[in-house]
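K.L.:
I would like the atomic coordinates for the input below:
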Amino acid sequence: MKRKMLSFLVTFALTPVLVMGCGSSENATKEDTTAATQASTQAPAVADTAKEAATEAATEAATEAATEAAAAGTELKTALFSVSYSDDWAINEDDTSDSDDYCYADLTIPDGDSSLVECTISASVESPSTYRNSLNSSGIDAYQLVEEKSIETDSIGGIELVHYESTSWGEPVLYYLGRDEAAGTTVNISVYGDFEDTRVTDLLHSITFTLTDTGNVDPPWPWNGEPWSTEKEHTYGVGSLTVTSEWLKLEEPVLSDDIFSGRVEVTGDTVWILSDDVLYAYTYSDGVLTYESEMDLKEEGDYEELSSDESGRLYVTGFMERMLVIEDGEIKSRIDGVDVALMHESGTWGVASFYGDTVKKVKLNGDSASLEEWPLKPAEETAAAFISKNHVYVSGTSSDKDNETVWVFDTDGNPEYEFGNASMGEPGWMGSVTDVAETENGFIVLDGNMRCLFFYDTDGALIATVEADELFGSSYPWISSAAKMSDGSVLVCLVDERADESADELVVFRLSGY
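P.N.:
Numbers count the residues shown, from 1 in each chain. Here you go, the predicted model:
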C-alpha cells in the first residue's frame, strides 16, 4: 500500500508538466515556469514522505518479527512481568523470584562453559529511593529526564525506560531503568555481554510488565521538595552544664547522595564541608554561614576525610587516593601513599587507619609522606582512628567483651581512657563511632549508628547520652563529623531525610556550653 501511495504522489507531482502543451505559447511559458517550480517544491516532500514510510515499515516489520519469534518461544510468567524466550536462551530457575512485590529472572545464551549474553529482568514494589539513587550513580540527570524530558527513553513492556551503557568486571553492560509511579514499582533490565545480538532485541520485545495501579504517589523530586527545617536552637542538660545546639542554616541546601560522606572542618573563620566529593567553603560570623565557593573533587578521586592544621592548610584524604593539600582554596600538592588519614594541627604528622588493620603514623615532609606502624591496638580491634590537639582515639570492637569501644591515648601513644565497651542496655553502649571532639570540659563522642552523642568529662567518666532528636530536632540522622571552633564551640555535621522524603540533606549545628 505504501509503495502504491508513493507512485501516486510522484505521478501527481509531474502531471502539470504533461498538461502544459494544451494552451497558447505565452500561457505555456507561464505554466511551464509554474509547473517547474511546483515540481521542484514537491519533490523533496515526496522524498521525505517516502523515507518516513520506509522507516515506519522497517520498524513495524522488526517489531512483528520479534513478536512472532517471542510467540514461538517459551513463556515465563511472574506476578509482575512475563517474558517469552527462544530455545537459544536458558533460564536459571534457582535464581528466579516470583512474589507480589518482587519478581526476578535471569536468562543466558550459553557459550560453552560461559555465556554469550546474560539478561536479568526485575520489578520491585518499593519506594522510589533506589530508582533515584540509580539515576544519580549512573550519571543521568533526573531533572533533564523528568522535567525537561530531554533524555531519550525506550518503551519496553509498557514502561518507559531510560538506558545507559557501562561495564562490569570489564564486560560491556546495557542497563534499562524505569519506574511506574502509580504502581509504586521500579523496573530494571540488565544485559551483559553482546547486547547487540538480535536475540536480545527479540527478548526485550517479548517482555510485558503486568503492574497494578494502586494510586501510589511518590515523594516530590528534590527540586520540588521542602528543605530540611527545625527550630533555631535546642538546649539539653549535660550534668551541671547546659548544652545549646544552634542550627546554622545553609543559604542553599546541600543534598547528600551518600549519607555517610559528610565532613566538617574549621580554619579561622572559614567552615569547610565535604559531601559527595564536593568541598564547600563558608564564612562563619555571628551564627551565620555565608557561602563562599565550592570545589568539585570528583576528577581527583573519591574522598572521605577532612582535617586541617593551625596554618590553615586543609588535608583531604580517601582510600587509595592521593592526599590533597589545599591552601587558599587551591590544591597546592598531591601526596601519594597516605590513604585515609587525619592530620594533627601541627601539620607535621597524623594518623592513618583502615578497618581491621593497625593504626599508622603519617609523617609529612614537604610534598612527600612516610607511614610507620603505630599499633596502638591490635588489628582485630581497630576500625578507625581520630585525632585532636592532645589525643589520639582508636575505635573498634573490644576483644574482651565484643563491644564497640573508643580507646583514648595521648599524642605519644600512652593509653589514658576507655569509652564504651558496654553491652546492649548498659550506659555507654555504642554502635558505630564516627568522630570524637575534645573540649575544655571533656570529650564528645559521635555515634552515627545509635544516632546519639556521648559526653565524657576530663577524667573519662560518662556524663550523659543525648539522642539526636533531643539535641537537633532531627528525625533519623547519620551523625558523621565534628570540628572544634576557635571559641571552643563544636560544629557537628549530620545528614537527615527531609520531612517530605524528597531528599537527604546535610545540616550543620554549633554546640556550645560544653
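
K.L.:
what residues does stretch 261-271 touch?
P.N.:
Residues outside stretch 261-271 that contact it (Cβ atoms under 8 Å, 6 or more residues apart in numbering): 256, 272-277, 281-285, 289, 292, 304-308, 312-314, 478, 480-486, 491-495, 506, 508. In this view, the C-beta of every residue, glycine as well, is placed from N, C-alpha and C.

K.L.:
and these, which of them are in strands?
P.N.:
272-275, 281-285, 289, 292, 305-308, 314, 478, 480-484, 491-495, 506, 508 (DSSP state E).

K.L.:
about what we covered before: tell me the buried residues within the contacts of stretch 261-271.
P.N.:
Buried members of those, scored by 16 or more other Cβ atoms under 10 Å, are 256, 272-277, 281-282, 284, 289, 304-308, 313-314, 478, 480-485, 491-495, 506, 508.

K.L.:
Tell me which stretches of the stretch 351-500 of the chain form helices.
P.N.:
Applying DSSP state H, counting those that start in this stretch to the stretch 351-500 of the chain gives helices spanning 468-472.

K.L.:
Which parts of it are strands?
P.N.:
Assigned by DSSP state E, counting those that start in this stretch, the stretch 351-500 of the chain shows strands spanning 360-365, 368-373, 384-387, 391-397, 404-410, 415-420, 433-439, 442-447, 452-456, 462-467, 478-484, 490-497.

K.L.:
beta partners for Ile273?
P.N.:
With DSSP bridges applied, Ile273 shows beta-bridge pairing to Val264, Tyr280.

K.L.:
so what's it up against?
P.N.:
Ile273 neighbours (Cβ under 8 Å, 6+ apart): 254, 262-264, 279-280, 282, 493, 506, 508.

K.L.:
With pLDDT and distance to Gly425 as added columns, please give those residues in JSON lines.
P.N.:
As requested, the contacts of Ile273 are exported to JSON lines (pLDDT from 0 to 100; distance: Cβ to Cβ, whole Å):
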{"residue": "Val254", "pLDDT": "97", "distance to Gly425": "36"}
{"residue": "Gly262", "pLDDT": "96", "distance to Gly425": "29"}
{"residue": "Arg263", "pLDDT": "98", "distance to Gly425": "31"}
{"residue": "Val264", "pLDDT": "98", "distance to Gly425": "32"}
{"residue": "Leu279", "pLDDT": "98", "distance to Gly425": "40"}
{"residue": "Tyr280", "pLDDT": "98", "distance to Gly425": "40"}
{"residue": "Tyr282", "pLDDT": "98", "distance to Gly425": "40"}
{"residue": "Cys493", "pLDDT": "97", "distance to Gly425": "29"}
{"residue": "Leu506", "pLDDT": "98", "distance to Gly425": "32"}
{"residue": "Val508", "pLDDT": "98", "distance to Gly425": "32"}
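
K.L.:
before we move on, back to that, can you list the strands of the stretch 351-500 of the chain in a markdown table and add distance to Gly158?
P.N.:
Shown next, in a markdown table, are the strands of the stretch 351-500 of the chain (distance: least, Cβ to Cβ, whole Å):
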| stretch | distance to Gly158 |
| --- | --- |
| strand 360-365 | 56 |
| strand 368-373 | 57 |
| strand 384-387 | 48 |
| strand 391-397 | 50 |
| strand 404-410 | 49 |
| strand 415-420 | 54 |
| strand 433-439 | 45 |
| strand 442-447 | 47 |
| strand 452-456 | 47 |
| strand 462-467 | 47 |
| strand 478-484 | 38 |
| strand 490-497 | 32 |
